[in-house]
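In: Predicted model, plus sequence, below.
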Amino acid sequence: MTLPTLPSGGPRLLLRQMREVMAEGVSGQERLDKLVRMIAANMVAEVCSVYLLAEAGDLELFATEGLNPAAVHATRLKVGEGLVGTIAETAESLNLSDAPAHPKFAYRPETGEDPYRSLMGVPILRAGRTLGVLLVQNRTHRHYTDDEVEALEIIATVLAEVVASGEFSAASGVALRERLAPVNLHATGLADGIAVGVVVLHEPRIHVTRLIAEDVEAETGRLEAAIDGMRASIDAMLHEADANLAGESRDVLEAYRMFAHDGGWLRRLREAVVTGLTAEAAVERVQNETRARMLRSKDPYWRERLHDLEDLANRLLRHLTGDVATASKQALPEGAIILARSMGGAELLDYDRSRVRGVVLEDGTPTSHVAIIARALDIPMVGRAERLLERAEPGDLIALDGATGELHLRPTADVVRVFDEKLALHAQRRAQFHALRNEPAITLDGVHVRLNINAGLMVDLPNLDETGADGIGLFRTELQFMVAPTMPRLKAQAALYRRVIEAARDKSVVFRTLDLGGDKILPYGPRNVEANPAMGWRALRIGLDRPSLLRYQLRALIAAAEGHVLSVMFPMVAEVAEFVEARRLLHMELDRAQGAGKRMPSAIRVGAMIEVPSLVWQLDQLLPICDFVSVGSNDLMQFFFAVDRSNPRLTDRYDLLSPSLLRMLRHVVETADRRGVPLGLCGEMAGRTLEAMALVGIGFRAISMPPASIGPVKLMVRSLHASELQALMEELYDEPEHSLRPRLAAYASEHNIPL
Ligand code: PEP
Ligand code: MG
């Protein structure tokens, strides 16, 4: 083991001296002044300075030994400017025997630094954030050794904790955090709604309060015990994962295990303890260094692995401090807005809904499970908020708009005022929708349009009464599977379906059988790598190839529906033969239940989703053997235009309101009407007012949408003259335009139809 050695006493002696200074009851500024003097003496340097991140992200000289004292709180550099700014920007140390020769050198006459040639500077890092820069300078062309750089980095680790604890608020009159600039981001809206609240980190940062070891041997013992504990818990999780098939989480756990046994990582932790840090401070220090190194790597593999290593370091810190893993286990402040890198759907459900006002993720896409659940819970959510975690502090004020993706961290008073107005407007609109709750969705010319909600979890059920919807037009059964840690057993499946039927009372519920595959992956299921997962082995294709899985689910549905109407719908039917086979499996299960003397559903209704264009051309064969059909416009659109629904580059390329797609939908309506088979549509388009208006114009009389859309769509329906619009649309199908959107929007505006 090679330990850093310093000219006069090394870091252990210096750390001991620092501990004494930190225990003194002096002001933050006095303490910092003493510390720079002490560091300069220990490192035999003529200058030692500390720059801290201050207002508007500038680096401000906070303390110096050797430079002109008048420059303190006067000299400022931008991040990226000069050598100090470069160290802050790159989070990398610099070791220069001829600093003025460096291309980034920026001369600041007020500091009086002319005579100093050599410079060694290190970032002051904490939890992935740069708080400032610590540097020493000498007159001579001194070559600082690697050990000296390492010693200065260890000292910076201690300084980081001192700075983060707010020690220096007295120096500047305001807490550093409050002096940080506002951050405005255009992220991605994932769940509609406006929220202003305070930041709560989903994974709370661990506050290392003991930094300098009193007894190195005891610290080594604590570190070893924590490493053993962490390894044992990873092994236990892997063991559990084994019992639940293979999956993505297993790969992550394997990565944890690999790092937990990585010789280099462990050696560096042990070395940091031997130099005089506590076990916790050693973890922080090694993680800071690793993070900087991995972020510099060009190899995406290593940058990806950084997430795993961060998680592992946090786990180790939790073993040392006994802190809880996620904020859901803590008392939340009023109006909490949860910030996370990513989050599983089940993790969001762990929170006390009454206290969560919003969620912001650094990852996250509209089809992610957590977004679906946020919409069901009516929690505004924004995703793809790049680098927000490193810039936010718990308790910061944050404002978000879940419709537009607009995000303001530490908003200015003006922004808060705008958001207050938005909130008031939102509340007003909600009150308007709420008042309409028990009113029917009938057009001005007396056409009744059934408005149903899409659902999939227990949390969705209250929405049925709250929105006054006619029923559940699409119950996505796969959601229960996606949020569960293990495959739900027959009893659990049946229990959920029964609760749904009971909650719906006399309203209808359409259960869609499992639509897995594509972007719907089970945490515990096998991972099939497919070139085109959306067009791959998914939904009914899996159900027919693995009939035991589908029959198991059908059994649960039949058991749950005893004495009630059971409506079952099959997803991704591409040809009539598939529907016939699926229906045969349903009847096998019905026969089985009957044979076993079970109480049966009062009636069975079997339907197919129209999501694959091929089925549109077999409607005359399908409809006579169907009780109902429902268009899945999300998938139908992607297959119709050959446009991957998860590819953001193509999101706006084709329009749902194109004459070609609308004409196909009209063909479906006409055929279903001619055959007298009930038809609905349950894709996201049903929830957008203009699209919903077009659907009514085409002839749809039942549509199913996210619960939050019921109010706006009902308001639109009640202001519409359906036959007039239908007549207008008949003329538009032949237009060669890219989209009928402008024409339809103009019609709505001319007829005062609220969108
Ligand atoms: C659809 O494809 O339109 C649909 C409702 O199903 P999902 O979004 O669950 O694929
Ligand atoms: Mg679909």
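Out: Thanks, I have the structure now. Ligands and ions are numbered 1, 2, ... in the order given.

In: quick one: residue 568 is in a strand?
Out: Yes. Counting by DSSP: H, G, I helix; E, B strand; the rest coil, residue 568 is part of a strand.

In: Check what pLDDT it gets.
Out: Looking at residue 568, its pLDDT stands at 98.

In: wouldn't it be in contact with residue 604 here?
Out: Yes. At 7.4 Å, residue 568 counts as touching residue 604 under the criterion of Cβ atoms under 8 Å. Where C-beta positions appear, they are placed from N, C-alpha and C, glycine not excepted.

In: Do a quick rundown of the strands in the stretch 551-700 of the chain.
Out: 565-570, 603-610, 628-631, 679-681 (DSSP state E, counting those that start in this stretch).

In: that older thread, list the residues that contact both of residue 568 and residue 604?
Out: Taking Cβ atoms under 8 Å, 6 or more residues apart in numbering as the criterion, residue 568 and residue 604 both touch residue 586.

In: quick one: which of these two has more around it?
Out: residue 568 (23 against 18; other Cβ atoms under 10 Å).

In: hey, what's the more buried one bridged with?
Out: Listed by DSSP bridges, the beta-bridge partners for residue 568 are residue 511, residue 606.

In: my read: residue 490 touches residue 552, true?
Out: Yes. Between residue 490 and residue 552 there is a contact at 6.4 Å, judged by Cβ under 8 Å.

In: Pick the most deeply packed of the strands of the stretch 551-700 of the chain.
Out: Stretch with highest mean neighbour count among these: strand 679-681 (a mean of 26; mean count of other Cβ atoms under 10 Å).

In: Which elements pack onto that one?
Out: If you count contacts as 3 or more Cβ pairs under 8 Å, 6 or more residues apart in numbering; DSSP states H and E, strand 679-681 packs onto strand 628-631, helix 659-675, strand 702-705.

In: what about 10 Å?
Out: When contacts are defined as 3 or more Cβ pairs under 10 Å, 6 or more residues apart in numbering; DSSP states H and E, strand 679-681 packs onto strand 450-455, strand 471-476, strand 603-610, strand 628-631, helix 659-675, helix 689-698, strand 702-705.

In: Give the burial count for residue 147, as a bare number.
Out: When counting by other Cβ under 10 Å, one arrives at 15 neighbours for residue 147.

In: Same check on residue 613?
Out: Neighbours of residue 613 (other Cβ under 10 Å): 14.

In: That one reaches residue 574, doesn't it?
Out: Yes. Using Cβ atoms under 10 Å, residue 613 makes contact with residue 574 at a distance of 9.0 Å.

In: And the pLDDT for the residue nearest to the spatial centre of the chain?
Out: For the chain, residue 361 is the residue whose C-alpha lies nearest the centre (Cα atoms, centre = their mean; 3.2 Å). On the pLDDT scale, residue 361 is placed at 93.

In: Determine how far the helix ranked longest in the chain lies from the middle of the whole chain.
Out: What stands out as the longest helix in the chain, according to DSSP state H, is helix 216-243. In terms of Cα atoms, centre = their mean, to the nearest Å, the centre of helix 216-243 is set 28 Å apart from its chain centre.

In: which bits of this structure sit near ligand 2?
Out: Counting by Cβ under 5 Å from the ion, the residues of the chain close to ligand 2 are 611, 632, 635.

In: Out of the helices and strands packed on strand 679-681, the one nearest ligand 1 is which?
Out: Comparing those by their distance to ligand 1 (Cβ to the nearest ligand atom), the top pick is strand 471-476, with 5.4 Å.

In: Paired strands for the closest one, with orientation please.
Out: strand 450-455 (parallel), strand 508-512 (parallel).

In: more neighbours, residue 490 and residue 552?
Out: residue 552 (16 against 12).

In: What does the pLDDT read for the more buried one?
Out: The per-residue pLDDT reported for residue 552 equals 96.

In: quick one: contacts for it?
Out: 487, 489, 490, 493, 514, 546, 589 (Cβ atoms under 10 Å, 6 or more residues apart in numbering).

In: Mean neighbour count, the strands paired with strand 471-476: which tops it?
Out: strand 450-455 (a mean of 26).

In: By mean pLDDT, flag the weakest helix or strand of this structure.
Out: In the chain, the helix or strand scored least confidently by mean pLDDT, DSSP states H and E is helix 169-172, which has a mean of 39.

In: what's the neighbour count on residue 38?
Out: 18.

In: Quick check: the gap between it and residue 150.
Out: Separation of residue 38 from residue 150 (Cβ to Cβ, to the nearest Å): 18 Å.

In: cool, residue 218 as well?
Out: 23 Å.

In: try residue 552
Out: 59 Å.

In: again with residue 644
Out: According to Cβ to Cβ, residue 644 and residue 150 sit 49 Å apart.

In: residues in this protein within reach of ligand 1, list them.
Out: Selection of the chain residues close to ligand 1 by Cβ under 6 Å from any ligand atom yields 474, 476, 515, 611, 632, 633, 634, 635, 682, 683.
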